[in-house]
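[1] okay, predicted coordinates and the sequence, questions at the end:
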Amino acid sequence: MTGTRSTARTVTTSLAPIDVLSASVMEKSGKISTRDLISTLIPSANTSNSGAGASFAVKTLSIRGLAGDQTLVLVNGKRRHNTSILFVNGTTQNGQSPPDLDLIPSQGIEHIEVLRDGASAQYGSDALAGVVNIILKSGEGGSAQIMTGATGKGDGATLQGSINYGWKLADKGFLNFTFDAQTTTLIDRGKQSINTAVLYPLINGQPDPRELTADRHTAHPGAPASQLYVASFNGEYAVSDAVKLYSFGTISRRYSAAWLTYRIPSAANNNMAVYPNGYSPRLFLHDRDFQVALGAKGQVAGFNWDLSTTPGQNENVFDTNSLNASLGPASPSYFYAGTLRFNEWTTNLDVNREFNLGLFSPMFVAAGLEYRRDQFEIVAGQPESYLIGTYVAPVGQPNAGVVTQGGSQGVSGFSPFAAGRFKRQNQSAYIDIEQKLTSNLEVSVAGRYEHYSDFGDTETYKVSGRWEPIENYALRGTISTGFRAPSLQQEHYGSSSTIGVVLPPSTVTQLYPVQLLPPDNPAAAALGAKPLQPEKSQTYSIGVVARPTANLNLTLDLYEIKIKNRILQTAVLGPSVTISNLLRNLGLNPQQAVFFYANAADTTTRGVDFVGDYRSDFGEWGEVHWTVSANYNENKFDRIIPPAFGFNLIDRVRQGDFTVGQPKDKEIFSADYTRGRFEATVRITRYGKLIQRSTNPLLDETISPAGLADVDLSYQVTPKLRVAIGANNITNVYPDVVQPANRGGANPFTYFNQYSPYGIAGGFYYLKLNAEF
């Protein structure tokens, strides 16, 4: 069980709160994403559905209101590598590079264990909010699934097929294989946003006749079209009575395409010789990912040992249909913008055994060593994707004499200045001791030392206890410290893009070029950036576990998480005369705004988790499994980095993303009814209010509380065949509509509020067929 290395521990006797999501529970949903399955079933987990640019392709999972990369992801107990993408325009997930859970096929998962407690002392960096441990299937026999569905608007059409098969290897082991393929069409929720801008230059002082026939549906917010192919395997073989060899892994390919903001024909970032009717840049991401674990485990002299090595890589290739207006009519319309690549190779040695010291029960001791090597690489795009040309439109042409923006519009290519290969190494050692002191009292103590080649040493600890004064009623609690090393992406990533910002004195969101500066960039240093240091946390939790009857289980856990030196993305700084002069003096383009990453704040998170489940048996009328779960969470700032050059580095927008940009409360009620061959699952999820802050308080947006209902109805046609129909968000609930000023003005790029934790797609309705063989 996650949270302990003892094989004797169960969920009901755990010293910390753990959720276990079985394959059967996950199948009763129209969700096919591993990330969405977790956020659907666990109230303290939320998915961020907002983002622009490269942030559209990978969504994050937040636990207890913290960042996606503050939750450690394991597969079969081994660390999962992170995505190569750094979220730059991702609103609430800005600055994160978490593992991409969608690249693990849900049909290959036996169950998922979610530890809702800090665990850096046990597992290392990133486990501030908790740990997600994905256990792959190891059984014999086969199963297949086909699912098709679409949104209530008819878009987002999804076709998914998967097959899983397991073999028994001569009574000495197993081999289990899963392949999953899925395709989803574009979800477009921009049809309500009508472009009212004057698109074309005037002709002799009169409107161009094309204004009357132009397509005014130019905004395409929603979700990208995508194709995903992913496979997993899990195997084990006993070479002797004392030694077993094992291996598992995943490999995937994903192709995503999304529209960016429309550029009108007469805009300075267009050239009508290339795009006479304007254009919406289109970004294509080609994602390639793999992870393979090789290991051996066994027993010697009373010790259990496990030696493994796990290389993994995530690569994203960027292509875009766009324009480099500074190259004039000679600009290409298709660009290779560059490649991001992240490699992680982890090697572990773990040992454990019990020692009889004359105490109430034997002492369980686990210890281990870990070596990890990380590498992040930025490969430059083709020159036209990042060059700043010298083209100026001649007299008589639209925008005559105007200096145009360089680089491909939407997402500019990575330049040789930003490109590079960045490495670091990490060595660590841990010890974990568990002892039952009496029949109803047990404690656990863990400690870990780590050394990083780029910022030095860190130590963490964890103390846990569980006391059961009355049978089936227990108290549990933990005190722990944790840390998260700054990612190589946060330390070295640099990029340019065009995003929506509010440029004073205007109060309307509009497009403007911005550049992300690595912390060691001279311009960032001049603005106050320093080399990034690890985030460090202190976590306290206390909980109650009760089982009043054989059919009723209740848990209530309170927690506080204090994080120092939290790494945040600053506000957009500029445009201003000061920023422009600073950039010009350093040889950078002065016609842009900038931002960077910094250890910018100390924060405190407090909350409570509740989980209750009950089983009702109605005899021949069937049985019902009832579940009620809830989370309440509050975030606040204890310290914020001071202003620089008249700018608040962490402005009210960035503060709001953390304090009010996610629901403070989330409740889930579900009922799973079974009678004979028929099964029905109804799940109602309520999301509390959240606020999207603006630099202007009058333009703040509120997403009202909302309740969503999911329904899954299935029938076992034969012992080997089951058919299901269902809906996610069956009543087709949408989030609030944003104010006109926040839609982008006359040339809008949004309509529904994309901070919504349940997305802006509305209902999804599906048909699913499951077979066993």
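    Yes, it's here.
[2] what are the ranges of the helices in the stretch 401-550 of the chain?
    In the stretch 401-550 of the chain, the helices defined using DSSP state H, counting those that start in this stretch lie at 488-492, 522-526.
[3] next one: the chain
    Applying DSSP state H to the chain gives helices spanning 23-27, 34-41, 120-123, 488-492, 522-526, 577-585, 652-659.
[4] those: which one's closest to R675?
    helix 23-27 (16.3 Å; Cβ to Cβ). Using the backbone N, CA and C atoms, a C-beta is placed for each residue, glycine as well.
[5] enumerate every residue touching the nearest residue to T13 once chain neighbours are set aside.
    Spatial nearest neighbour of T13, excluding adjacent residues (Cβ to Cβ, 6 or more residues apart in numbering): R466 at 7.3 Å. Contacts here follow Cβ atoms under 8 Å, 6 or more residues apart in numbering; on that basis R466 touches T13, S14, L15, L441, E442, V443, A474, L475, R476.
[6] how about R373?
    So R373 contacts N343, E344, W345, K423, R424, Q425, N426 (Cβ under 8 Å, 6+ apart).
[7] could you give the number of residues near the nearest residue to L441 once chain neighbours are set aside?
    In space, and not counting its chain neighbours, L441 is closest to W467: 5.1 Å by Cβ to Cβ, 6+ apart. When neighbours are counted by other Cβ atoms under 10 Å, W467 registers 15.
[8] can you name the residues that contact W467?
    Counting by Cβ under 8 Å, 6+ apart, W467 has contacts N440, L441, A474, L475, R476.
[9] for it, list each beta-bridge partner.
    Here W467 sits in beta bridges with L441, L475, going by DSSP bridges.
[10] cool, R373 as well?
    Bridge pairing for R373 - DSSP bridges - gives W345, Q425.
[11] pLDDT score assigned to the spatially closest residue to R210 that is not a sequence neighbour?
    Nearest residue to R210, sequence neighbours excluded (Cβ to Cβ, 6+ apart): Y200, at 5.6 Å. The model reports Y200 with a pLDDT of 93.
[12] quick one: residues contacting Y200.
    Contacts of Y200 by Cβ under 8 Å, 6+ apart are P207, D208, R210, E211, A214, P265, S266.
[13] surely H220 and L283 touch.
    No. At 11.6 Å, H220 and L283 do not qualify as touching, with contact defined as Cβ atoms under 8 Å.
[14] between those two, which contacts overlap?
    With Cβ under 8 Å, 6+ apart, H220 and L283 have common neighbours A258.
[15] could you list the low-pLDDT ranges of the stretch 601-750 of the chain?
    By pLDDT under 70, the stretch 601-750 of the chain has no low-scoring segment.
[16] just the strands in it please.
    Secondary structure of the stretch 601-750 of the chain, counting by DSSP state E, counting those that start in this stretch: strands at 623-640, 665-675, 678-687, 690-692, 701-703, 706-718, 721-728.
[17] which strands border the fifth one, and is each parallel or antiparallel?
    Going back to what we said before, that points to strand 701-703. strand 690-692 (antiparallel).
[18] touching the partner strand from outside, list them.
    91, 656, 660-664, 700-703, 738, 753, 755, 757.
[19] next, the buried residues of that strand.
    L690, I691, Q692 (16 or more other Cβ atoms under 10 Å).
[20] rewinding a little: which two in the contacts of strand 690-692 are spaced the farthest apart?
    Pairwise over the contacts of strand 690-692, using Cβ to Cβ, the maximum falls at K664 and V738, 20.7 Å.
[21] T539 against G482, yeah?
    Yes. With contact defined as Cβ under 8 Å, T539 counts as touching G482 (6.5 Å).
[22] where does the residue of the chain most remote from its centre land on pLDDT?
    Within the chain, the residue lying farthest from the chain centre (Cα atoms, centre = their mean) is N204, at 52.4 Å. On the pLDDT scale, N204 is placed at 88.
[23] make 2 the starting number, not 1.
    Will do, 2 is the new start, and the previous item becomes N205.
[24] circling back to that earlier point, neighbour count: H221 and L284, which is higher?
    The residue with more neighbours, out of H221 and L284 and counting by other Cβ under 10 Å, is L284; that gives 25 against 22.
[25] contact partners for that one?
    G54, A55, F57, A258, A259, L261, F319, D320, T321, G411, V412.
[26] worst-scoring helix or strand of the chain, pLDDT-wise?
    Lowest by mean pLDDT, DSSP states H and E among the helices and strands of the chain is strand 496-503, with a mean of 75.
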